[in-house]
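Trainee: quick one: sequence and predicted model below, then my questions.
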Amino acid sequence: MMHSGPVIVGFDGSPASGRALREAAALLAPRPALVVVAWEAGRAFEAATLPVKALEMPPAALDIRTAFEAETAAYDAAQQLAEQGAALARQAGLEADGLAVADDVTVAETLARLAGELGGQVVVIGAHRHRHLGKLVPGSTLSELLRQAPCPVLVGGVAHDDQD
């Protein structure tokens with residue numbers, strides 16, 4: 001099956017995701033790309049509506065307005081990060097746009113869903129070296145993405161001297 005959509009880049013602003021983006025651009029430019037920041041929508045509302053008895057705290061007034069403002073700020077921050085990633089991708093030669101997407105279930109499922117919906121050519125994700133083991137250990141997001149992605153997955157971003 002040929003995939004004719006954009007390169008989907010999972011971006012979180014970490015050094016590994018930046019390196020993966022640049023490595024992918026070196027291989028795939030000048031293709032179109034979508035730099036995606038997945039963010040967890042609804043967290044502020046969950047906090048505002050938690051049953052106070054379960055927390056053994058004194059009753060507090062629910063402040064839905066504050067929760068809405070926090071959600072808006074979280075989305076704005078995610079979109080700004082996506083735009084920063086897209087700017088990096090354009091500097092590296094990709095025809096990139098940034099997109100903040102509410103993380104439906106997991107980051108991997110969100111990236112895989114987008115790749116399927118958009119006919120993604122490849123999903124790019126940064127990998128992190130495990131600090132205590134001193135080697136690359138696939139995390140849950142990478143492992144899940146490798147199982148679910150409807151297209152190839154390009155893993156990059158690990159520097160030999162990475163200590164993050």
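Mentor: Okay, I see it.

Trainee: tell me the contacts of Glu23?
Mentor: 154, 156-157 (CB atoms under 8 Å, 6 or more residues apart in numbering). Using the backbone N, CA and C atoms, a C-beta is placed for each residue, glycine as well.

Trainee: doesn't it lie inside a strand?
Mentor: No: counting by DSSP: H, G, I helix; E, B strand; the rest coil, one finds Glu23 to be helix, located in no strand.

Trainee: for Ser140, see how far away it is.
Mentor: Relative to Ser140, Glu23 is positioned 22 Å away (CB to CB, to the nearest Å).

Trainee: need the buried ones from the contacts of Glu23 selected in PyMOL.
Mentor: Here the buried members of those are turned into a PyMOL selection, burial being counted by 16 or more other CB atoms under 10 Å:
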select buried, resi 154+156+157
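
Trainee: including secondary structure and distance to Ala102, could the contacts of Glu23 go into CSV?
Mentor: Conversion of the contacts of Glu23 to CSV gives the following (DSSP: H, G, I helix; E, B strand; the rest coil; distance: CB to CB, whole Å):
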residue, secondary structure, distance to Ala102
Leu154, strand, 24
Gly156, strand, 26
Gly157, coil, 24
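
Trainee: with respect to Ala100, which of the contacts of Glu23 is nearest?
Mentor: Ala100 has its nearest neighbour among the contacts of Glu23 in Gly157, at 20.3 Å by CB to CB.

Trainee: pretty sure that closest one contacts Gly18?
Mentor: Yes: between Gly157 and Gly18 there is a contact at 7.3 Å, judged by CB atoms under 8 Å.

Trainee: now do the shared contacts for those two.
Mentor: Residues touching both Gly157 and Gly18 (CB under 8 Å, 6+ apart) are Gly126.

Trainee: please enumerate the helices of the protein.
Mentor: Under the criterion DSSP state H, helices of the chain are mapped to 15-28, 43-49, 52-55, 64-91, 107-118, 140-148.
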